[in-house]
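In: Need coordinates for the below:
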Amino acid sequence: ERENIKMSVPGQAIPMGYISSDTKIVKRTRSFSLGHDTKGKLAPVYKRLSSSDYLKFILLKKATLVYITLSEINFDLERFGRSLRCVKRALNCYSMVESIGGYVEAETSGGMIAFALGVAGDCYLAFISRWGNLPLFQEQYQSSEAGEGGIAEEIEKYTQEQDRDWIIKLPKDIEEGLNLSARCYSKALEHKNISTEDEVSLTRRLGNVNNELSVFVMNKTTEMLQEMSSYENTSETNEGGKEGERERKEKTGGVDKIMGIVSAANDLLDNSKRYLEKGIALFESIRDTANIALLHSNKGRLSRIAGHILSITRDKAIFHEFGGPELAEYKNAIAEYQTALTILGARRVNPGVWDSVTWELCSTYFTVGTLLQDEAPLSSMSREEAEKQVTDYFTKSLKYCDLEMTGPRQVVYQYRAAVIHQRLASLYHSSYRSFQQEDNSFRKKKMKQLSENHYSKAEPLYFQLDRHEDLIRCILERCGLYEANLESASPGVKQKTYLQIIESFLGVVPVLLKLISAESEISNESKPSINSAASSGSSNTSSSGDTARTSGD
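Out: Numbering: from 1, shown residues only. Below you'll find the model as predicted:
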C-alpha cells in the first residue's frame, strides 16, 4: 500500500463516506429555535442526504463555530459592532444547519448558540454604556470580511429574511438596546444542552437587564415630573398668582397637558414595576440574595415616586394635610427597604448594597417625618399623636445615620443628622411654647429639656460642616427658647436666662471669625498687587518697543 499510494484524479470528485438510506433531513422548514409555533403546520418533508448536502452541512457547522469564536475575540478587543455582526452570521449559519440537519442535529449546537446570544446581549449593554461611540459601532457592524459574501448568498437560498434578521440589529435608542439585550438572553435560555453554570450566568444577566430597564423607565418618569414642575413654576411667574395660573391653564389647555404627563408617568411606573417583578423572580430562581435585595430597594424608590406624584398633583389652593394615599405609598417604600435588609441579613453579606438600602430607608423616614411636621393631619389626629409620629420617624431616620463611617457619605449623614436634631428641637420648642407661662408641669419642663438637648447636638455638626447660616439660625432658635417665659420669671431666673442667652450668642463668634477670614481672603485675591502691575507695565513697554523696532526695520 505504501508503494501504491492512492492519488486524486484531476477532474474527478473525491467520493465521500457511505451514507445510509435511513439518514433523513428536514427540507426548508421554519426554524424551531427562533420561537415559531409549529402547531397546525404541515409535517416536515424528509429526503435522503446527498454527498454535497452533507459536505455543506459540515462546513456550515464549522462556520458557525468560527463566527462564534470571532464574536468573542472582537468583544474582548472592544470591537462591539463587529462582534455583534459575527453573532448574526453565526445565527444565520445555525439557521441553515437546522434547515439541512433537522431539529435533532441542531439541538446538539444549543450550547454554542446560547453562548453566542449571550455575547450579543453583552454587546447591546456595551453599546448603551458607550452610547457616544455608536457611530463607530455602526461602522464596525456594516463592515464585512473577505469570504462572507459566498456564505451569505448560500444562506439566502435556504432561509427566509425574517429568520435571518429575527433579533440581531442595531438599536435606535437606549430603551430598544436594553429590550434587544433582554430578548437575546431570553432566547439563549430557551436552548437545550446548556450547562448549569451558563444557565445561572444568563439568568443573572437577564435579571440585571430587567433591573436596568426598570431604572431607565423610572428616570424617564422623574424627568417628566421635573418638566411638569418647571412648567408650573413658569406659569406662576408669568401670571403672578395661583388664581391667574389656574385661569391661564384652563384657557390654554395647561391642565390637560399636566394631566397627560401624570397619566403617562403612572403608565411608566406600571411598566417599571413589571420589569422589577420579572427581575426579582429571575434572581430568586438562582438565589442571588444581593440582587434580590437591590431590586426590592428599587421597588421602594418606585413607591416613593408614586407618592411624590400624588403630592405634586393636589390642588394648591387648598391647605393639604399629609396622609391617605401619599402616606400609604411611602409606607410601601419602607416595607420594601425593610424586606431588602431582611434578605441581606447583615452588612457583611454585601456592604455596598446594605449601605445603599439603609441610606434610602433613612431618607424615606426623614421625608415622611418632614411632611408630617410641615403638613400635620390635625383634622384626623390630635397634636400629641402627630408629634409622636414625627418623633418616631425622625428617630428611626437617626438610627441609620452612621456618623462614624468613613467615605463619601459621611458628610451627608452628618448633615442629615444635624437637620433632624434641629427639626426635633423645633418640634419640642413649639410644644413648649404651647403651654401657659404659669404652667410648671413636668411635661413642659421635659419639652424644654428635650429641645435644648437637640439644639446642642445640631450646633457642633453644623460648625464641623461649615454650615454657617444653619448654625446661626439654630443658635437664634435656642435663644428664643430661653426667652419664652421671661415675662413671668422672677428676677433671679431672668438674670440666669440672660446669661444663657449671652453665652449662646458667644457661640456665634467663631462662625463670624470664619466668615470674616474667608471674606478677607476673597478680597485679597481680587485686588491686583503692585509688583504684578509694575511687571505688567514693563512687559507692555518692552513689547511695544519690539514692535516699533520691527516696524522701523
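
In: residues contacting the residue nearest the centre of the chain?
Out: The centroid of the chain falls nearest to residue 215 when counting by C-alpha atoms, centre = their mean (4.5 Å). With contact taken as C-beta atoms under 8 Å, 6 or more residues apart in numbering, residue 215 is in contact with 272, 298. (Each C-beta comes from the backbone N, C-alpha and C, glycine too.)

In: in a helix, that's where residue 381 is, yeah?
Out: No: assigned with DSSP: H, G, I helix; E, B strand; the rest coil, residue 381 falls outside any helix and is coil.

In: and it, backbone torsions?
Out: When read as degrees, to the nearest 10, the backbone of residue 381 gives phi -150, psi 160.

In: Residue 373 touches residue 422, doesn't it?
Out: No: Residue 373 lies out of contact with residue 422 (C-beta atoms under 8 Å); the separation is 11.5 Å.

In: Look at these two and report which has more neighbours.
Out: residue 422 (24 against 21; other C-beta atoms under 10 Å).

In: quick one, what contacts the more buried one?
Out: Neighbour list for residue 422: 454, 455, 458, 470, 474, 477 [criterion: C-beta under 8 Å, 6+ apart].

In: Likewise for residue 465?
Out: If you count contacts by C-beta under 8 Å, 6+ apart, then residue 465 has 411, 414, 415, 418 around it.

In: What pLDDT is listed against it?
Out: The model reports residue 465 with a pLDDT of 91.

In: mind checking how far the residue nearest to the centre of the chain is from residue 209?
Out: Distance, residue 215 to residue 209, using C-beta to C-beta, to the nearest Å: 11 Å.

In: any shared contact partners between these two?
Out: Shared contacts of residue 215 and residue 209, defined by C-beta under 8 Å, 6+ apart, are absent.

In: Return the set of buried residues in the helix or strand hosting residue 459.
Out: Following DSSP states H and E, the helix or strand that holds residue 459 is helix 442-464. For helix 442-464, the neighbour count (16 or more other C-beta atoms under 10 Å) marks 444, 447-448, 450-452, 454-455, 457-459, 461-463 as buried.

In: what's the answer for stretch 279-292, then?
Out: 279, 280, 282, 283, 286, 288, 289, 290, 291, 292.

In: Kindly report the same for stretch 491-500.
Out: For stretch 491-500, burial by neighbour count (16+ other C-beta under 10 Å) applies to 497, 500.

In: Please work out the average pLDDT along it.
Out: Average pLDDT, stretch 491-500: 83.

In: Other residues contacting that stretch?
Out: 482, 483, 486, 489.

In: just the CA coordinates of that stretch, formatted as CSV?
Out: This file holds the C-alpha atoms of stretch 491-500, laid out as CSV (Å, rounded to 0.1, in the frame of the first residue of the first chain):
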residue,chain,number,x,y,z
PRO,A,491,-35.6,88.5,88.8
GLY,A,492,-33.1,85.7,89.7
VAL,A,493,-34.4,83.4,86.9
LYS,A,494,-34.3,86.3,84.4
GLN,A,495,-30.7,87.0,85.2
LYS,A,496,-29.8,83.4,84.7
THR,A,497,-31.7,83.3,81.4
TYR,A,498,-30.0,86.4,80.1
LEU,A,499,-26.6,84.8,80.9
GLN,A,500,-27.7,81.7,79.0
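
In: what about that stretch, distance to the chain center?
Out: Here stretch 491-500 shows a centroid-to-chain-centroid distance of 56 Å under the convention C-alpha atoms, centre = their mean, to the nearest Å.

In: oh, and call the first residue 246 from now on, that's how I've got it
Out: Okay, using 246 as the starting number, the last item reads as stretch 736-745.

In: okay, the contacts of stretch 736-745 in JSON lines with neighbour count next?
Out: As requested, these are exported to JSON lines (neighbours: other C-beta atoms under 10 Å):
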{"residue": "727", "neighbour count": "18"}
{"residue": "728", "neighbour count": "14"}
{"residue": "731", "neighbour count": "13"}
{"residue": "734", "neighbour count": "15"}
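
In: what's the closest of the residues you listed to residue 362?
Out: residue 727 (71.9 Å; C-beta to C-beta).

In: and the nearest residue in space to residue 680 that is not next to it in sequence, how far is that from residue 722?
Out: Distance criterion C-beta to C-beta, 6 or more residues apart in numbering; nearest residue to residue 680, sequence neighbours excluded, is residue 689 at 4.4 Å. Between residue 689 and residue 722 the computed distance is 18 Å (C-beta to C-beta).

In: And residue 417, by the same measure?
Out: Remark: distance between residue 417 and residue 722 (C-beta to C-beta) = 56 Å.

In: okay, these two: which has more neighbours?
Out: A direct count of neighbours by other C-beta under 10 Å for residue 417 and residue 722 places residue 722 higher, at 17 against 8.

In: quick check, residue 716 in a helix?
Out: Yes: under three-state DSSP, residue 716 sits within a helix.

In: doesn't residue 756 make contact with it?
Out: Yes: contact criterion C-beta under 8 Å: residue 716 and residue 756 qualify, at 5.7 Å.

In: Fine by me, thanks again.
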